[in-house]
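Visitor: Here is a sequence together with a model predicted from it:
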Amino acid sequence: MQHIPDDERRARLARRHAVAPGQRVADPVAATRAMTVLHSTEPATVYLSLFARVDGVTHDDVDRVLYAERSLVKQLAMRRTLFVFPRDLLPAAWGIASARVAAQQRTRLAKDVERAGIAEDGSIWLDAACAAVLDRLADGSALGAQELREQVPELQGRIDMAVGKSYGGNFPIAPRVLTQLGVEAAIVRGPNGGHWRLSRPRWTLMHHWLGEEATPLKADEGYAELVARWLASFGPGTTADLQWWLGATAGAVKRALADVGAVQVSLDGDAVGWVLPGDTEPVDWDGPWAALLPVLDPTVMGWKERGFFLGPHGPALFDTNGNAGTTAWWDGRVVGCWVQDAEGVVRLELLEEVPAAGRDALEAEASRLTTWLAGTRVSTVYPSPAMKAAAARLGV
């Protein structure tokens, strides 16, 4: 069995994820393909992840591929997470990851409707509400959630969510219905009605947005396609990595690995990983590199088992729900995080000693990002402990 040590895994990351300065790619679509998908739970992450991988990219460049060319499309999929997909990869997600989440969420939403007293039969109510939304959007409209609530009587009602949690409360049911239709690929988050760092989606029918019907791949084909793309971006990875990333069963992952002809390799720590056929040749990297990545960046979130690049810093850089904060990278490893001060200047928070060359390179990346943000401060609901500590010291 071919052995791929941790330093080679870091070299693969540098070459394939377009994060090392010499490996950046030409445009947002190429950068997204390099990562398979981009995380889009927070809208700013898409822009910041692309900035890290494309020299000279502008906000307008990102808006163009998302909303004009529509070569990148937002879709709720794996692990009930919102991602940006290359358009040609959507059918694979529709047939498996999105369908799996849709079935789970539909059952839960119907029960929540009944518990809230909105209807005695939540399933019937949900069918009617979904049909009413689709009927309203049938003319090609793109409407925000508030507009749809006002124009579609079936969306009326409120529901208690996350009872007892700090982020819980009593909320309108309409966004839950729209999310359900979105994960089912009936509608899609179209134009954003707000600033690039805010989520104000205007919903429209998927087939209007794409100009074609949403036709999912069969389940086995979809799993094989997603697994092949993931291995190209993140391989080698373990079965546990893949099962977590896909939000799939062990059986589905096993079948997909067989379908793509994945090859077993040994990893440091007596682990076993997988790569695509023909991808066992050694990969090296000439010299260290620096990068600053945003909250929930796909490089940080691509594996479940992250020790080969994260070292001991996991507790400082992830919140208690497993969401990654910002990260600062030197020579293929995470060495800290970054935050912005009151003026929007990017400040480093290093968690270990970094050589002078590394500090200089990281400061150069911080200056580059500060210039690009041009005073815009990007907030997050997923600050890591290290980010919180840095922000407290800066008084922000």
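Guide: Received the coordinates, thanks.
Visitor: For the lengthiest strand in the chain, name the packing helices and strands.
Guide: Longest strand in the chain by number of residues (criterion: DSSP state E): strand 333-340. Secondary-structure packing of strand 333-340 (3 or more Cβ pairs under 8 Å, 6 or more residues apart in numbering; DSSP states H and E): helix 307-310, helix 314-317, strand 327-330, strand 346-350, helix 356-373, helix 385-394. No exception for glycine: its C-beta is placed from N, CA and C like everyone else's.
Visitor: again, 6 Å this time
Guide: Counting contacts by 3 or more Cβ pairs under 6 Å, 6 or more residues apart in numbering; DSSP states H and E, strand 333-340 packs against helix 307-310, strand 327-330, strand 346-350, helix 385-394.
Visitor: okay, the angle between that strand and strand 346-350?
Guide: Counting by axes from the mean of the first three to the mean of the last three Cα atoms, to 10 degrees, strand 333-340 points 140 degrees away from the direction of strand 346-350.
Visitor: ok, and what's touching strand 333-340?
Guide: Contacts to strand 333-340, defined as Cβ atoms under 6 Å, 6 or more residues apart in numbering, come from residues 292, 309-310, 313, 317, 325-328, 346-352, 354, 377, 386-387, 390-391.
Visitor: For the stretch 201-350 of the chain, which segments count as strands?
Guide: With DSSP state E, counting those that start in this stretch as the criterion, the stretch 201-350 of the chain has strands at 201-205, 263-267, 271-275, 290-293, 327-330, 333-340, 346-350.
Visitor: so which of the ones you listed gets nearest residue 231?
Guide: Residue 231 lies closest to strand 271-275 among those, at 6.1 Å (Cβ to Cβ).
Visitor: and the closest one, what other elements does it pack with?
Guide: strand 263-267.
Visitor: what do you get if the cut-off is 8 Å, keeping everything else the same?
Guide: helix 239-246, strand 263-267.
Visitor: thinking again about what came up before, got the helices and strands packed on strand 333-340 as CSV, with distance to residue 213, mean neighbour count and mean pLDDT columns?
Guide: CSV is the format used below for the helices and strands packed on strand 333-340 (distance: least, Cβ to Cβ, whole Å; neighbours: other Cβ atoms under 10 Å; pLDDT from 0 to 100):
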stretch, distance to residue 213, mean neighbour count, mean pLDDT
helix 307-310, 41, 18, 97
strand 327-330, 40, 26, 98
strand 346-350, 44, 20, 98
helix 385-394, 43, 17, 97
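Visitor: Could you dump the ones you listed into a markdown table with distance to residue 3 added?
Guide: Formatted as a markdown table, the helices and strands packed on strand 333-340 follow (distance: least, Cβ to Cβ, whole Å):
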| stretch | distance to residue 3 |
| --- | --- |
| helix 307-310 | 13 |
| strand 327-330 | 24 |
| strand 346-350 | 32 |
| helix 385-394 | 33 |
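Visitor: With respect to residue 61, which of these lies nearest?
Guide: Once the helices and strands packed on strand 333-340 are compared by Cβ to Cβ, strand 346-350 is nearest, at 20.6 Å.
Visitor: And the closest one, how far out from the chain middle?
Guide: 23 Å (Cα atoms, centre = their mean, to the nearest Å).
Visitor: List of residues touching that strand?
Guide: 292, 328, 335-341, 359, 362-363, 366-367, 369-370, 373, 386-387, 389-390, 394 (Cβ atoms under 8 Å, 6 or more residues apart in numbering).
Visitor: What strands flank it, and is each parallel or antiparallel?
Guide: Its sheet considered, strand 346-350 pairs with strand 333-340 (antiparallel) by DSSP bridges.
Visitor: Distance from the strand it pairs with to the middle of the chain?
Guide: With Cα atoms, centre = their mean, you get 19 Å for strand 333-340.
Visitor: likewise stretch 298-314?
Guide: 15 Å.
Visitor: what do you get for stretch 369-384?
Guide: On Cα atoms, centre = their mean, the centre of stretch 369-384 falls 17 Å from that of its chain.
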